[in-house]
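Asker: need a 3D model of the sequence below.
(one chain, ligands or ions: 1)
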Amino acid sequence: MVVRQIHDRGIVSPRVLKAMQAVPRHEFVLPEHLQDAYADKPLPIAEGQTISQPFMVAAMTDALLLEGAELVLEIGSGSGYQTAVLSMLAREVIAIEAQPALASQARARLERLGYSNLRIEEGDGSSGWPACAPYDAILVAAAAPRVPPPLAEQLAEGGRLVIPVGGADDQELVRVVQRDGRTNRETLYNCRFVPLIGRYGWRRNASSEEKNPHANE
Ligand code: SAH
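Answerer: Have a look, this model is predicted:
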């Protein structure tokens, strides 16, 4: 997985490759997808969500330019796989997950696997997590219609924010860097993520309401 899907596609940071090699992805997938744990694709997890494709996890991690001393905020921790990868490359990771069931499963899994410099909080991460701001790096694993202003505001000087931005079906992975009171924005990859649901994301059930306006009645 690491050589063919990640290194050979241009992610060559030894630290990122080592972290991707170290985290046991098979511990984060559902039993029925075990045989695909290291396959080149995202996989379904509980609550209609997905564990991201290995390449995308590596590419987003790489884009954060972590050196080891950072406080990282992750939004949408899902299975906890990306959280584990980040924790190997930073001082501490605070991860926010909107779905309580996913948050508690990921918490138990990461504890069992021995990861300690991370914590998972339940809530709407589209507003960030002001209590521990500023962050040296912020990673959002769900797609937003635009960069949520509170996330850019919670970046430390020199901080990096990586987030998929765009419509429901396809997005661009964007990196925002905060420096000298200015934000610099660049586009890295095309991508497709599940929606960021919340105050600065999409409205809950927007897509099913469009298909069936009575879905919530
Ligand atoms: N990196 C995760 C990907 C999970 S998919 C993994 O590899 O397993 C994206 C996650 O974002 C889902 O678990 C979803 O519940 C969560 N999410 C969506 N909107 C959110 C919000 N506003 N705040 C926090 N989490 C959110």
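
Asker: contacts for the longest strand seen in the chain, please.
Answerer: In terms of residue count, the longest strand belonging to the chain (DSSP state E) is strand 155-166. Under the contact criterion CB atoms under 8 Å, 6 or more residues apart in numbering, strand 155-166 has outside partners 60, 63-65, 71, 134-140, 142-147, 151-152, 171-180, 188, 191-193. (C-beta placed from N, C-alpha, C; glycine too.)

Asker: now the helix or strand that that strand is followed by: average pLDDT?
Answerer: Helices and strands here follow DSSP states H and E; after strand 155-166, the next one along the chain is strand 171-179. Per-region confidence: strand 171-179 scores 97 on mean pLDDT.

Asker: sorry, back to before: need the buried ones from the contacts of strand 155-166 selected in PyMOL.
Answerer: Applying 16 or more other CB atoms under 10 Å to the contacts of strand 155-166, the buried members can be selected in PyMOL as follows:
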select buried, resi 60+63+64+65+71+134+135+136+137+138+139+140+142+143+144+147+151+152+171+173+174+175+176+177+178+191+193
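
Asker: can you tell me which of the contacts of strand 155-166 end up in helices?
Answerer: In this view, these that belong to helices under DSSP state H are 60, 63, 151, 152.

Asker: what about the first one, distance to residue 118?
Answerer: In this structure, residue 60 lies at 16 Å from residue 118, with CB to CB, to the nearest Å as the measure.

Asker: between strand 171-179 and the longest strand of the chain, find me the angle.
Answerer: Our comparison of strand 155-166 with strand 171-179, counting by axes from the mean of the first three to the mean of the last three CA atoms, to 10 degrees, yields an angle of 170 degrees.

Asker: buried ones in strand 155-166?
Answerer: Applying a neighbour-count criterion of 16+ other CB under 10 Å, one finds 155, 159, 160, 161, 162, 163, 164, 165, 166 buried in strand 155-166.

Asker: pick out the most distant pair among these.
Answerer: Of all pairs drawn from those, the one with the largest separation by CB to CB is 159 and 166; the distance is 22.3 Å.

Asker: ok, back up a step: keep only the contacts of strand 155-166 that also lie close to the ligand.
Answerer: Among those, the residues that sit close to the ligand (CB under 6 Å from any ligand atom) are residue 142.
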